[in-house]
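Asks: How does the following fold in three dimensions:
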Amino acid sequence: MKRGVVRVGVALAVAVSGVAIASAAPRFGVESRLLPVEIATAVTEPESGASATSPDLAASFVAIPHVDGVAALLAALETPVSVLPDVVDVPEAASVSSTQPVETPVVAAPAPAVAEPEPEPEPESEPELIVSPTYVSTLVATIVPDVTLLAPVTEPGGTELVAYDPTTAWGITNPTYFGSPLKLRVVQRSDDGEWLRVQLPVRPNRTTGWIPTSQATLSSTSMSVRVDLTTKTMHVWDGSTLVLETQTTIGAPGTPTPLGTFFVNDHVAGSGSYGPHILSLSAYSESLETFNGGVPVIAIHGTNRPDLIDGAHSNGCVRVTNDIVTQLKGMLPVGTPVQIV
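Replies: Residues are numbered from 1 along each chain as shown. All right, here's what the predicted structure looks like:
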């Protein structure tokens, strides 16, 4: 069966260091159908291709107490902590000897030990372990209106620009392609607080760069999401409290959902095959280089095929039922981390 993506035929030209870059619009993998959405419009999708190699997921975290609000979160980070960031695509800053993580990891507790009688009975079924969230509090940088195109650098105070696929330059324009203020997940702060390391919604996936703190206003979210591709489940937390668990449709074997930590970078109205809402992610397909002349953006969205939930049928997007995606739109602000494992 052929499935589809939204074809957005608008080209965006942006200037980086005086060079004009022509960039194609995002496309989301969906069921084959014409969609009267605001941005564009026809939907087609090729058959699934060969599967891609999974990205490197090496990461380490430092646990700090859960805090509410930006001021309290920053206060908890006054003591520098050396940590390997969870995003590894951009070289570490040479001028910063330590880093201040701005997301609070929580380590999952092991299942309780249960004494077994003698003789040992035949085991029945073990209870499912609900994994704790990785991120309990996350800083979000909203880019100020007078910065219309980010120029992230590879280290605080540096001049070397971060390298990324120019066809995804629209991902760091302000406002966004869909007309929203540009918001980014903060993954690190410099010791002097003058620079922020942010995850960028560009290719390659999980690219980060440093921007001056003066270019953003800071807020925080306690929401986080984990999608497990093995069980095809989604867990949503508010802090350390599990608030939603649901089954999903994930990428087909030839067009798998990419692994890694991303973030919700826009809310878009949907219809038809999308269901009522689309939560665009900072991720791109790692098996499809282009899609109908554009770049294949990964998203969480609804579906007009609820019978395919709990299967692997998409072009990489994560589908949920329409009632669930309606809940997610109200629960997950832009900047919410989404971990796909």
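
Asks: Do a quick rundown of the helices in the chain.
Replies: Assigned by DSSP state H, the helices in the chain fall at 70-75, 322-331.

Asks: Quick check: which helices or strands does the last one pack against?
Replies: The criterion is 3 or more Cβ pairs under 8 Å, 6 or more residues apart in numbering; DSSP states H and E, and the helices and strands that helix 322-331 contacts are strand 233-238, strand 241-247, strand 277-284, strand 295-301. For glycine as for every other residue, the C-beta is placed from the backbone atoms N, C-alpha and C.

Asks: Redo the ones you listed as TSV? Include distance to residue 220 and mean neighbour count.
Replies: Formatted as TSV, the helices and strands packed on helix 322-331 follow (distance: least, Cβ to Cβ, whole Å; neighbours: other Cβ atoms under 10 Å):
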stretch	distance to residue 220	mean neighbour count
strand 233-238	13	20
strand 241-247	16	14
strand 277-284	18	26
strand 295-301	21	26
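
Asks: Need these in JSON lines (columns: mean pLDDT and distance to residue 317).
Replies: Below are those laid out as JSON lines (pLDDT from 0 to 100; distance: least, Cβ to Cβ, whole Å):
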{"stretch": "strand 233-238", "mean pLDDT": "98", "distance to residue 317": "12"}
{"stretch": "strand 241-247", "mean pLDDT": "97", "distance to residue 317": "15"}
{"stretch": "strand 277-284", "mean pLDDT": "98", "distance to residue 317": "9"}
{"stretch": "strand 295-301", "mean pLDDT": "95", "distance to residue 317": "5"}
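
Asks: And the ones you listed: which comes nearest residue 158?
Replies: strand 277-284 (22.5 Å; Cβ to Cβ).

Asks: Name every sheet partner of that closest one and say whether each one runs parallel or antiparallel.
Replies: Sheet pairing of strand 277-284 (DSSP bridges) gives strand 260-269 (antiparallel), strand 295-301 (antiparallel).

Asks: what's residue 195 in contact with, if anything?
Replies: 156-157, 189, 210-213 (Cβ atoms under 8 Å, 6 or more residues apart in numbering).

Asks: Which member of those is positioned nearest residue 301?
Replies: Of the contacts of residue 195, the one sitting nearest to residue 301 (Cβ to Cβ) turns out to be residue 211, at 29.1 Å.

Asks: what's the weakest-modelled helix or strand in the protein?
Replies: strand 43-44 (a mean of 31; mean pLDDT, DSSP states H and E).

Asks: any idea how far residue 264 is from residue 243?
Replies: 15 Å (Cβ to Cβ, to the nearest Å).

Asks: Repeat that for residue 207.
Replies: For residue 207, the distance to residue 264 - Cβ to Cβ - is 17 Å.

Asks: Tell me which of these two has more neighbours.
Replies: A direct count of neighbours by other Cβ atoms under 10 Å for residue 207 and residue 264 places residue 264 higher, at 26 against 23.

Asks: List the contacts of the closest residue to residue 229 other than its chain neighbours.
Replies: Using Cβ to Cβ, 6 or more residues apart in numbering and skipping the chain neighbours, the partner closest in space to residue 229 is residue 250 (5.4 Å). Contacts were defined as Cβ under 8 Å, 6+ apart; by that measure residue 250 touches 227, 229, 232, 256-257, 311-312, 314, 318.

Asks: pLDDT, neighbour count and distance to residue 285 added to those, as CSV?
Replies: Output for the contacts of residue 250, formatted as CSV (pLDDT from 0 to 100; neighbours: other Cβ atoms under 10 Å; distance: Cβ to Cβ, whole Å):
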residue, pLDDT, neighbour count, distance to residue 285
227, 98, 22, 15
229, 98, 18, 14
232, 98, 18, 18
256, 97, 23, 9
257, 98, 26, 9
311, 97, 15, 18
312, 97, 18, 14
314, 96, 29, 10
318, 98, 26, 12
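
Asks: Could I get the residues you listed in a markdown table, plus columns for distance to residue 185?
Replies: Formatted as a markdown table, these follow (distance: Cβ to Cβ, whole Å):
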| residue | distance to residue 185 |
| --- | --- |
| 227 | 16 |
| 229 | 21 |
| 232 | 25 |
| 256 | 23 |
| 257 | 19 |
| 311 | 29 |
| 312 | 27 |
| 314 | 23 |
| 318 | 18 |
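
Asks: Quick check: the closest residue to residue 268 other than its chain neighbours vs residue 298, distance?
Replies: Spatial nearest neighbour of residue 268, excluding adjacent residues (Cβ to Cβ, 6+ apart): residue 278 at 4.2 Å. Per Cβ to Cβ, residue 278 is found 11 Å from residue 298.

Asks: just residue 147 next, same as before
Replies: 26 Å.

Asks: Just give me the neighbour total for residue 174.
Replies: Count around residue 174 with other Cβ under 10 Å applied: 18.

Asks: show me the contacts for residue 213.
Replies: 189, 193-196.

Asks: Retrieve the pLDDT associated with it.
Replies: What the model reports as pLDDT for residue 213 is 98.

Asks: just to revisit the earlier point, show me which pair in the contacts of residue 250 is furthest apart.
Replies: Farthest pair in the contacts of residue 250, by Cβ to Cβ: 227 and 311, 14.2 Å.

Asks: for this structure, which spans come out with low pLDDT?
Replies: Low-confidence segments of the chain, defined by pLDDT under 70: 1-131.
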